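Colleague: Give the three-dimensional model of this entry:
(chains A and B)
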Amino acid sequence: MSTEQPKIGVFICHCGSNIAGVIDIPKLVEYAATLPHVIVAEDYRYMCSDPGQDLIKERAREKGLNRVVVAACSPTLHEPTFRRVLENVGLNPFFFDMSNIREHCSWVHTHEEEAALEKAKDLVKMAVARAAELEPLEQKEVDVKANVLVVGAGISGIQAALDIADAGYKVYLVEKEASIGGHMAQLDKTFPTLDCSSCILTPKMSLVGQHPNIELLTYSEVREVEGFVGNFKVKVEKKPKYVIEDKCTACADCLEVCPVNVPDEFNSGLGWRKAIYIPFAQAVPNAYVLDTDHCLGMTPIACGKCKDACEAEAINYEMKPEILELDIGAIIVATGFELFDAMKQLEYGYGKYPDVMTNLEMERMLSAAGPTEGKILRPSTMKKPKHVAYIQCVGSRNERYNAYCSRVCCMAALKQARQIREKYPDIQVTIFYIDMRAFGKGYEEFYETTAREHGVTFVRGRVSEVRGSFDSDKIVVRAEDTFLAQPVEAEADIVVLSCGIEAPKGLPDLARVLGLQRSADGFLLEAHPKLRPVETNTDGIFIAGAAQGPKDIPDSVAQAKGAAASALGMVVAGHVKVQPYAAVVNEDLCAGCGICEASCPYDAVKVVDDRAQVTEAQCKGCGTCAAACPNQAIAPQHFTMEQIIAQLDALFQEAK
Amino acid sequence: MTKPSLAVETLSICSGCEIAILDLHLALADVLDAIDLKYIQVLMDHREPPKEGVTVGFVSGGVRNEEHLHRLKMLRERSQILVAFGACSAFGGVPGLANLHTKDELMEEVYINTKSTVNPKKIIPNRIVPPMLEELHPVDDFVKIDYVLPGCPPPPKLIAELVTSLLEGKEFKLEEKTVCDQCPLIKEEKAVTEFKRWGTDEVFTERCLLEQGYQCLGPSTQSGCEARCPTALSPCRGCFGPTAKVEDQASQMIGAIGSIVIQEPTKAPDPEQIVKEIPDLVGTYLRFTFAHSTFKKAVHSNVVKTKKAEAKT
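Modeller: Numbers count the residues shown, from 1 in each chain, chains lettered A, B, ... in the order given. A predicted model of the protein is given here:
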């Protein structure tokens, strides 16, 4: 506590009529003037405006204020604004407190003017009490390593990596599969332009493969992340491929001798691959990989045929997992999504009827490079179907599975329906939907055209059941047509389930490794849903694409570019300011019990030599440790126990 | 020069603290050389501390009846320095748990309800014996205390330290650290999946007991005991009470417990489940300090009754 007597100025904002429309401002000003240490109490229409800021500066100079309290909106909005004002008049910017009398009073108590005024008085009183206890704090800077780690190499990860690499900075691109490309590589065409997906993706993939600034780590996973913004220490595990990338010529000699057939993941299980395989034709890196889960055994006794067949001597059965240790400046997480497991929604018969398939399986079937070379065939008969029915919102917008909308399935179904109708005008297509969500640029037009010019039938109603027909080999889809308000039944040859998008099963583990939070839907949580959509609550870690929530390609690319720009901003500057909120340990009280270490969500506290130590750059000042410490030996600098107790004392003073 | 004099007053207590003084063993001879012991009921046949006063008064035990209160005030008047000696006088101690019930309930239970009592006329004694107070009080509810020497009982080593520093005219102060500071057990990671009752499962030597799932109050208890209990692989019960920094030992410990429980990875712990694993909340977190805590006493004894009824069903 500084020795000089606090001289507090209280400035109350009308926020137009947002606050003044409910709260009696003159009464509040009058009250504020009576509070201890307050020597100025004034109001203004918009305190955040330039004249409002000037008013604070003027009074601070005139009356020699050393603490400022602004009663206005949320500190997340304007705390930085007013801190700058304090800096401008030569005060420490942390001699400032804000009480939120808009969100907490006028907006929520619109019809209780008296009560809102009383609450505003309490909030101002508490802010003043805390202001008197505030301490000056210094902002520190930490250096940022000049590289970025991108986790996940789908379209988001690829785009982010390219943007950063093109700006001249080193990128480590980690992908857990054998090839980059992600889900976009599996798609045939993209909505609403009907571009060929691989035609627009593969040039980017090959750029990534050849870029001098990108170090591509496929078949690899992030195992450990320590450190803090600008200085992450990352351990990446490179799983053995048993094929030496540089030597493999992708000649396919090994394929011919491999005796094992495995359902092909890239074709959603509709085709077969060998135990030694290349994920798809345009894979980057273009090299084979040996799948040890299905390989008969990597010894000459068990099999060993591929090694014998390989003239380039690229196969090495002795390969071991490698751990790479990287020093990283910033991290972008672009781990994408997984398709909802249609087996979970039993009533739609996926897994029971071979002709019930997922949207991704249909996508592979539509692809000229797919298992049917672009032909639409009924899996049960291998003949052309007459009627294809789509069921929307499978696993999405459903309390039983995922409450959220997966955002891409409506457009994907429209696109596939249109592709089918264009290829085979004699196949009838029906889409059962709850409501069509065609929200993007050009999407509504696409929907209109598909419905009007391509003769796709739409039925509004959630499908209740899919079952085999009793008297034919068709599949019966039962639903309620909510326009006609009556049940409908349709016989189809193929039923396509528009499966929604889910967070990948490995995401919780990765989130824990990275110290990131997830939202209720399971995806990664952004720092602010509107204003900080690519940042996370951990400084230096950004998110892009479907890792943050269901997204289509344009949105994923946009967010990837945003994440790349944010990461670049930090890396290019070479240093970053850290808020001086970090917790400090009182060594006279700390017994080294380790409860703070266990409670810290940011891994910022460690017990070293029986005393807690805080890594300042990693600490967010959240105060969890302060609440957990049984001896009050640790507290964040900007929310000390003294400040909180002062607030409480002020609040309960009159009640005593 | 006259020797400094000492008086030890015994209130609502088991006399263990007085025995702890005798536990000084050979050091007691030195102490008795330096101090004029004027009054201690377990050793001497005096009714009260000397009228001319003493230099130091030790008071052990809490205040349960009017006689205790009278004796406490008398000792305060007659001593220059007053020491709250032991957990009972400082925080109420185990007898303080009686504050979970009202005075009338206690009387009824002891003189009428207990199985071994034969009291057909249901008489509750109220003559000759000193009247009970409504609740048990730690001594600082009534008088100013100069020093606190906590513990159940206070360790002889600390008694010697206190006496020595008083003789030398120095301030006596315990370090404001907690028991963990002196605990030799190894702390690895505080991530508790479930809490176990003491004696219901095996105990691993060398590993922090709290990390093993036992309710060890070490992290929230004033140090000074050299972690006697955890060293012997028995969880700390908190007889040294909170450190001076802490307002309420139980709420601090509960806050700590809440932040180290991981029942299922990635899921927030279920408080109901944690509470189920701790059968006696007050007895666990406020065994020695209930009478000195924020709650102090049962305001509505019905609360306790309903809890009991719930537990039975």
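Colleague: these two touch, right, A:Lys140 and A:Val576?
Modeller: No - counting by CB atoms under 8 Å, A:Val576 is not a contact partner of A:Lys140; they are 9.8 Å apart. No exception for glycine: its C-beta is placed from N, CA and C like everyone else's.
Colleague: Give me the nearest residue to whichever residue of the stretch 1-150 of chain B sits closest to chain A, chain neighbours excluded.
Modeller: The nearest approach of the stretch 1-150 of chain B to chain A comes at B:Pro150, 14.9 Å away (CB to the nearest CB). Spatial nearest neighbour of B:Pro150, excluding adjacent residues (CB to CB, 6 or more residues apart in numbering or on different chains): B:Phe240 at 4.4 Å.
Colleague: so the one you found touches B:Ala87, yeah?
Modeller: Yes - counting by CB under 8 Å, B:Phe240 touches B:Ala87, with 7.5 Å between them.
Colleague: shared neighbours of the two, anything?
Modeller: Shared contacts of B:Phe240 and B:Ala87 (CB atoms under 8 Å, 6 or more residues apart in numbering or on different chains): B:150-151.
Colleague: between the two, who's got more neighbours?
Modeller: Taking neighbours as other CB atoms under 10 Å in any protein chain shown, B:Phe240 and B:Ala87 compare with B:Ala87 leading, 35 against 31.
Colleague: can you give me the strands in the stretch 101-250 of chain B?
Modeller: For the stretch 101-250 of chain B, strands defined by DSSP state E, counting those that start in this stretch occupy the ranges B:132-137, B:147-149.
Colleague: So which of those strands has the densest surroundings on average?
Modeller: Scoring the strands of the stretch 101-250 of chain B by mean neighbour count under mean count of other CB atoms under 10 Å in any protein chain shown gives strand B:147-149 as the most buried, with a mean of 24.
Colleague: and the chain, what are its domains?
Modeller: Using chain A. A:8-137, A:147-238+A:325-337+A:503-572, A:240-320, A:339-502, A:579-637 (automatic domain parsing).
Colleague: Chain B was what I was after
Modeller: B:5-96+B:129-167, B:179-279.
Colleague: Show me the beta-bridge partners of A:Leu217.
Modeller: Applying DSSP bridges to A:Leu217 gives these bridge partners: A:Val174.
Colleague: a helix runs through A:Phe542, doesn't it?
Modeller: No - checked against DSSP: H, G, I helix; E, B strand; the rest coil, A:Phe542 lies outside a helix; its state is strand.
Colleague: Just give the number of residues close to the residue lying closest to it once chain neighbours are set aside.
Modeller: Distances taken as CB to CB, 6+ apart place A:Ala563 nearest to A:Phe542, at 4.1 Å, with adjacent residues excluded. Counted with other CB under 10 Å, the neighbours of A:Ala563 add up to 33.
Colleague: check contacts around A:Ala563.
Modeller: By CB under 8 Å, 6+ apart, the contact list for A:Ala563 reads A:156, A:160, A:332, A:334, A:534, A:542-544.
Colleague: run the last query once more with 6 Å
Modeller: Taking CB atoms under 6 Å, 6 or more residues apart in numbering or on different chains, we find A:Ala563 in contact with A:160, A:332, A:534, A:542, A:544.
Colleague: now A:Met436
Modeller: A:Met436 is in contact with A:410, A:447, counting by CB under 6 Å, 6+ apart.
Colleague: what about A:Glu445, how many neighbours?
Modeller: Counted with other CB under 10 Å, A:Glu445 comes out at 11.
Colleague: name the element it belongs to?
Modeller: For A:Glu445, the element it lies in under DSSP states H and E is helix A:443-453.
Colleague: which other helices and strands contact that helix?
Modeller: Contacting helix A:443-453 under the criterion 3 or more CB pairs under 6 Å, 6 or more residues apart in numbering or on different chains; DSSP states H and E are the following elements: helix A:409-423.
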